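Novice: No sequence on hand, only this structure:
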């Protein structure tokens, strides 16, 4: 049976705002539709102030640098069309919400492809992911890599005293990534990218509690390029500055 449950972690009280953070659907072939539907339904029922898509709505497998079996997954055009459809589902479910898309490393494969194969087109609006996904049409904000940067160095935003997004750090064990980010930044963190669920808390000398949550993923748990994926599905709500973890668990 598939179910999802809420775990409430009470932390430092902050100005009230309701934020829902989901991440890493990984394109048409990567998405777990049951998990995505549960995520959209949750947003529809809650009607949050802010929805943050924490990276990698697209996979862009076709233009990745890895060896690949030809024609075994979706094309780049199917990937873009499908991701636009996912964002439209979210917008239709929550017409008044502020939606923010923080670009992940898979999102940046398009920019990297342009830089390496057609650098003169770098910065031209019509070859950007923002344009292709029609984010302005959907009323979706984007947090993107700096145009002047050759590499993807993570994309995130600070809301309600919490840094959230797809940051460039991955550790092997659950919650180890956010522990490292908290060590680096000394701020509460919600991290996508790692495809795991995890929580780490720290009480500072002044008594303030900061916390880090790894937000799981919305993709399948059986990628063809791994023998065993130590991943967990789910998402995170941040309510009144407190994280609520929603695992989607197969038991």
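Specialist: Cool, got the structure. These figures come from a predicted structure and were not determined experimentally. Numbering: from 1, shown residues only.
Novice: any idea how far stretch 186-198 is from the chain center?
Specialist: 10 Å (CA atoms, centre = their mean, to the nearest Å).
Novice: Endpoint to endpoint, it covers what distance?
Specialist: Using CA to CA, to the nearest Å, the end-to-end distance of stretch 186-198 comes out at 18 Å.
Novice: Also stretch 24-43?
Specialist: First residue to last in stretch 24-43 (CA to CA) measures 17 Å.
Novice: Show me which positions of it end up buried.
Specialist: For stretch 24-43, a neighbour-count test (16 or more other CB atoms under 10 Å) marks 24-32, 35-36, 38-40, 42-43 as buried. No exception for glycine: its C-beta is placed from N, CA and C like everyone else's.
Novice: One more: stretch 235-250?
Specialist: 235-239, 241-248.
Novice: least confident pick among the residues you listed?
Specialist: The lowest pLDDT within the buried residues of stretch 235-250 belongs to residue 241, with 89.
Novice: pretty sure it is touching residue 190, no?
Specialist: No. Counting by CB atoms under 8 Å, residue 241 does not reach residue 190; the two are 11.6 Å apart.
Novice: Helix, strand or coil: sort out residue 41 for me.
Specialist: helix (DSSP: H, G, I helix; E, B strand; the rest coil).
Novice: next one: residue 141
Specialist: Look at residue 141: counting by three-state DSSP, its state is strand.
Novice: For it, name its beta-bridge partners.
Specialist: With beta bridges defined as DSSP bridges, residue 141 has these partners: residue 100.
Novice: Contacts only, for it.
Specialist: With contact set as CB atoms under 8 Å, 6 or more residues apart in numbering, residue 141 has these partners: 98, 99, 100, 101, 135.
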